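Visitor: Coordinates for the following, if possible.
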Amino acid sequence: MDVLVAYDVNTETKAGKRRLRKVATVCKNFGQRVQFSVFECRVSQAQYETLRAQLVGIIDTKTDNLRFYRLPSPREQYFEQFGVDHYTDFDEPLIL
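Guide: Model (predicted):
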């Protein structure tokens, strides 16, 4: 499944800055950054549950915001891009 993860972490404190780094690191392990605080992830149901549990365990629910959007397939049918796009299609062959 394709999932969009968006977050807004309060970074007014050192603890907030640490949470922000941790959230970004977890998201990088499951997908790719498409904007500063937005990641697109292609995950199985089990991976989604793991991603969700890890991120919910990091954020402070009193000051931060975390959102998950399950994207319909095929992605290309429901997606429009304007401007610079750094997306890598994981279904395409990787050529180095």
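Visitor: When you work out contacts or count neighbours from here on, use the C-alpha atoms and nothing else.
Guide: Noted.
Visitor: Helices of this protein, residue ranges please.
Guide: Taking DSSP state H, the helices of the chain run over residues 14-30, 45-58.
Visitor: With mean pLDDT, distance to residue 68 and mean neighbour count as extra columns, can I get these in JSON lines?
Guide: Formatted as JSON lines, these follow (pLDDT from 0 to 100; distance: least, CA to CA, whole Å; neighbours: other CA atoms under 10 Å):
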{"stretch": "helix 14-30", "mean pLDDT": "97", "distance to residue 68": "11", "mean neighbour count": "16"}
{"stretch": "helix 45-58", "mean pLDDT": "98", "distance to residue 68": "8", "mean neighbour count": "14"}
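Visitor: CSV please, covering these and showing distance to residue 84.
Guide: Written out in CSV, the entries for these read as follows (distance: least, CA to CA, whole Å):
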stretch, distance to residue 84
helix 14-30, 19
helix 45-58, 27
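Visitor: Out of those helices, the one nearest residue 64 is which?
Guide: Checking the helices of the chain against residue 64 by CA to CA gives helix 14-30 as the closest, at 8.8 Å.
Visitor: I'd like to know which elements the closest one is packed against.
Guide: Packed against helix 14-30 by the contact rule (3 or more CA pairs under 8 Å, 6 or more residues apart in numbering; DSSP states H and E) you find strand 38-42, helix 45-58.
Visitor: could you redo those as JSON lines and give each row distance to residue 70?
Guide: Conversion of the helices and strands packed on helix 14-30 to JSON lines gives the following (distance: least, CA to CA, whole Å):
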{"stretch": "strand 38-42", "distance to residue 70": "10"}
{"stretch": "helix 45-58", "distance to residue 70": "10"}
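Visitor: So which of those is nearest residue 76?
Guide: When these are compared by CA to CA, strand 38-42 sits nearest residue 76, at 13.0 Å.
Visitor: Can you tell me the centre-most residue of the chain?
Guide: Centre of the chain computed as the mean C-alpha position; nearest residue by CA atoms, centre = their mean is residue 39, 2.9 Å away.
Visitor: surely that residue meets residue 7?
Guide: No - counting by CA atoms under 8 Å, residue 39 sits too far from residue 7 to count as a contact (9.1 Å).
Visitor: who's in contact with stretch 45-59?
Guide: Applying CA atoms under 8 Å, 6 or more residues apart in numbering, the external contacts of stretch 45-59 come out as 1, 9, 19, 22, 23, 26, 27, 30, 65, 66.
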